[in-house]
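> Sequence first, predicted model second:
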Amino acid sequence: MADLARNETIKARSDFLRGTLAEELDVQAFGGLGEDDGQLIKFHGVYVQDDRDLRPERAKRKLDLAYMFMARLRVPGGVLTPRQYLAMDRLATERGNATVRLTTRQTIQFHGVIKSNVREAMRAMDAALLDTIAACGDVNRNVMAAANPYLSRAHGEAVEAARQLSAHFLPRTGAWREIFIGDERVLGGEPEAEPIYGPTYLPRKFKMTVAVPPSNDVDVFAHDLSFIAIVEGETIVGYNVVAGGGMGASHGEPATYPRVGDVIGYCAAADLIPVAEAVVTVQRDYGDRTNRKHARLKYTIDTHGLDWFKREVNARLATPLAPARAFEFTGNGDALGWLTDHEGLHHLTLFIENGRIADVGAWRLKSALVAINSMPDFIDRGAIIMTANQNIIIARASDADRAAIERILAEHGVVQHVSVLREGAMACVALPTCGLALAESERYLPHLITAIDALLTENHLSDQRITVRMTGCPNGCARPYIAEIGLVGRNPGRYNLLLGGAADGSRLNTIYRENADEAEIIAALSPLFTQFAKDRLPGEGFGDYTRRAGIV
Amino acid sequence: MLETLTKPETEALDLLRTSIAAHPGRIALVSSFGTESAALLDLVARIDRSLPVIFLDTGKLFPDTIAYRNALITRLRLSDVRTIRPDPAHLASFDPNGTLFARDPDLCCSLRKTMPLDDALLPFEAWISGRKHTQSDSRATLQATETGPDGRIIVNPLRAWTQTDIETYFTSRNLPHHPLQADGFASIGCHTCTRRIQPGEPPRAGRWSGTGKIECGIFLTRPVAA
């Protein structure tokens, strides 16, 4: 049998995720962490990173890397209160790089937190009733849900389901509070066995989502385990269960690949937790702990076969899964702009390019959101919901709030109208903070969208919705492998261009050009748009067209 | 390290232990996750983290109450918090626009609190409440255990606790406060029917303020169905 991956030993020896983190965070002479603690701190929602823009200059001057930490919140369903949002805005300014970064999984990342600020940042989160527990690491991570629990009864239930899943699969260890908040370890209390995970947790990260059709905003096919709500009357009666999705891959290693999840059956709403626990424990028991590049649930399913997997899951259930029910998705984007609910409250889905909330020159989105969330009454009644597409919903505004919000956005230079292409585009963080990035992503995609938009306009296609997703490396945080146009970084300035994903996120795309620079990307897309404008069927999306026309 | 328990703490824990043992699997805690709820939730969690906790989400709650509930579930490791919601068919019939609270707050409380709670309590023969003598005149004579309007036992472990007892307990157990407490709210229900209180007002003065209503009705005798 192959040796266990190194991380398995780190976990086993960590005393339930403590390691020497409490002591090492006190060492200020070194701005980073040792290798083992650097792996462990991920389980607490934190990565050690460095400013890669500064690497060449610091290397020349024989300086250590410019270490800094990234902290990621756990926010099931992406719902924050205005008070929580304001506290997180302050945290970003006082302890981070003065920007709030919304992620593709409905949460906030704080970048540029230096070591001496990590504990203070965590205490600010704790005071706002938030935490970063299990936001990274080999555990169930932030659980996503269809955006906006206030949209309908079913949407409210979907977010509740996400919260239940998040709470149920939260590690039981008290390590997070001991290391960062300063709680004492409960001595002589109950032993801390992890009843679901065990002492070595899962073989690899695990991601869950809950969708409410017809929107597939959470991209159910891209995560390890998803639940598609089946709604009768106004309430969720059950879920179709989707298992084995996952985006990550490595360049040049065909044994690694993105995979869309399979619909494996249907369960009653009351069986949500037992079904999730069955899937998680099959992965815990059978996932590959020898090779971290082969450890996600998707590989477990492909190694043993889907039928085996279904049998194994059903064997752990009192009520086996029933045949899947019919469902239909119409897209995976957000509907931007205002809508009004049955109680007369207004909800604004606000476009936020690549999820970055900042003040830059005359565009002062960060200040605008502070002003909005500080409004009397709204601060008590309102809510802020982060979507899977890195946008924000300003929820539960009264008529008066709505007018004030429009005015505040305008006063802060926040333009709400962008091209249809830009609305559906998404990029990961990449450079300069992400240690995995091979190419730019967030800092470059806005520019490339302008170039692609020009092509669309030439072809009278500027009203055409096309999902464009870019990542700086093949790990796929922006879910590029199910986009209609995917761009995956290979080298500085060069990307694999992938085409043929479906508009509802249900199909993988295929590499069309490898290692292409901007000129090559534009040259590749230009004739395809011309062809598409001429030959498309009524209502046909670009991804579907590239498949039908045999382009990919 | 030996914990020193205060007298109210000891009495509350004793009553809870006795009551939970007297109704195995048939007793629940009903919590609003309001300003003082963390004390009772923590006392119960010290005995049994898996005791069913019933939380009524009326659909009109402050988002901060939901956030507080989420945080307490994590902090106290409560493993069976059941969020109960009104019947959507009832809402569609009687409160389609969500404005019933202004016209008929009693009917609104019935639809959104009393009726869902009655349903949620069906599997139980007893429940635990956080009511205190100091909250209002009508609560000044609460007993340790009482028989409720529906015949179920209601256990009141905090009935004799003073404001100071609550504050002492929050401090000694390092419990987080409801986010609205620092902002002038003393007793918290639905956002439609709760206001901040002025200095000197009793804690529940901000509930259904301006109406004669003082209780939502979950502790009152039910009108007989026609």
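Received the coordinates, thanks. Numbering: from 1, shown residues only, chains lettered A, B, ... in the order given.
> so what pLDDT did residue 187 get?
Just going to use chain A. pLDDT, residue A:187: 58.
> let's do chain B instead
For residue B:187, pLDDT reads 86.
> Let me see the contact set for it.
Shown in contact with residue B:187 (Cβ atoms under 8 Å, 6 or more residues apart in numbering or on different chains): B:34-35, B:135, B:194, B:197, B:203-204, B:206-207. C-beta: built from backbone N, CA, C; applies to glycine.
> what do you get if the cut-off is 10 Å, keeping everything else the same?
B:32, B:34-36, B:135-136, B:181, B:194, B:197, B:202-207 (Cβ atoms under 10 Å, 6 or more residues apart in numbering or on different chains).
> Residue A:509 now?
A:258, A:467, A:469, A:480-486, A:488, A:497-502, A:543, A:546-547, A:552.
> Give me the distance between residue A:402 and chain B.
17 Å (Cβ to the nearest Cβ, to the nearest Å).
> Could I get the contacting residues of the closest residue to that residue other than its chain neighbours?
Closest residue to residue A:402 apart from its sequence neighbours, by Cβ to Cβ, 6 or more residues apart in numbering or on different chains: residue A:346 at 4.5 Å. Going by Cβ under 10 Å, 6+ apart, residue A:346 touches A:338-340, A:394-399, A:401-403, A:405.
> Can you report phi and psi for residue A:346?
phi -110, psi 150 (degrees, to the nearest 10).
> just the one 10 residues further on next, same as before
Phi and psi for residue A:356, reported as degrees, to the nearest 10, are phi -90, psi 120.
> you'd agree it is up against residue A:101?
Yes. Counting by Cβ atoms under 10 Å, residue A:356 touches residue A:101, with 5.7 Å between them.
> Settle it for me: which of those two has more neighbours?
residue A:101 (24 against 20; other Cβ atoms under 10 Å in any protein chain shown).
> What strand or helix carries the more buried one?
strand A:100-102 (DSSP states H and E).
> Just say helix, strand or coil for the single nearest residue of the stretch 201-350 of chain A relative to chain B.
Ranking the residues of the stretch 201-350 of chain A by distance to chain B (Cβ to the nearest Cβ) places residue A:343 first, at 3.6 Å. Assigned by DSSP: H, G, I helix; E, B strand; the rest coil, the conformation of residue A:343 is coil.
> Then the one 5 residues further on?
When the structure is split into helix, strand and coil by three-state DSSP, residue A:348 lands in strand.
> now it, nearest residue through space, not along the chain?
Closest to residue A:348 by Cβ to Cβ, 6+ apart is residue A:394, at 4.5 Å.
> ok so that neighbour is a strand residue?
Yes. Per three-state DSSP, residue A:394 lies within a strand segment.
> Overlap of the contact sets of residue A:356 and residue A:101?
Contacts common to residue A:356 and residue A:101, judged by Cβ under 10 Å, 6+ apart, are A:111, A:390, A:429, A:442.
> Show me which pair in those is furthest apart.
Largest separation among the shared contacts of residue A:356 and residue A:101 by Cβ to Cβ: A:111 and A:390, giving 14.6 Å.
> Now do the contacts for residue 205.
By default, I'm working from chain A. A:42, A:134, A:136-141, A:224, A:246, A:248, A:292, A:295-297.
> look at chain B instead
Neighbours of residue B:205 in contact, by Cβ under 10 Å, 6+ apart: B:136, B:186-187, B:195-198, B:214.
> Read off the pLDDT value for it.
82.
> Which residue ranges of the stretch 201-350 of chain A form helices?
A:272-286, A:297-304, A:306-315 (DSSP state H, counting those that start in this stretch).
> can I get those in JSON lines with mean pLDDT?
As requested, the helices of the stretch 201-350 of chain A are exported to JSON lines (pLDDT from 0 to 100):
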{"stretch": "helix A:272-286", "mean pLDDT": "98"}
{"stretch": "helix A:297-304", "mean pLDDT": "98"}
{"stretch": "helix A:306-315", "mean pLDDT": "98"}
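> Turn these into a markdown table, columns for mean neighbour count and distance to residue B:165.
A markdown table is the format used below for these (neighbours: other Cβ atoms under 10 Å in any protein chain shown; distance: least, Cβ to Cβ, whole Å):
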| stretch | mean neighbour count | distance to residue B:165 |
| --- | --- | --- |
| helix A:272-286 | 21 | 36 |
| helix A:297-304 | 21 | 50 |
| helix A:306-315 | 16 | 49 |
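> neighbours of the nearest residue to residue A:38 once chain neighbours are set aside, just the number please.
With sequence-adjacent residues excluded and distances taken as Cβ to Cβ, 6+ apart, residue A:38 is closest to residue A:48, at 4.8 Å. For residue A:48, the count of nearby residues is 21 (other Cβ under 10 Å).
> Contact partners for residue A:48?
Per Cβ under 10 Å, 6+ apart, neighbours of residue A:48: A:31-35, A:37-39, A:41-42, A:65, A:67-70, A:115, A:435.
> Narrow those to those that are buried.
Neighbour counting with 16 or more other Cβ atoms under 10 Å in any protein chain shown marks A:31-33, A:37-39, A:41-42, A:65, A:68-70, A:115 as buried within those.
> among the residues you listed, which are in strands?
Among the buried ones among the contacts of residue A:48, DSSP state E puts A:68-70 in strands.
> in chain B, which spans are helices?
B:7-22, B:37-47, B:63-76, B:88-94, B:100-103, B:105-109, B:115-120, B:163-172 (DSSP state H).
> which of those helices is buried the deepest?
For the helices of chain B, the largest average neighbour count (mean count of other Cβ atoms under 10 Å in any protein chain shown) is found in helix B:63-76, namely a mean of 23.
> For that helix, what does the pLDDT average out to?
Here the average pLDDT along helix B:63-76 is 97.
> This completes my enquiry, with thanks.
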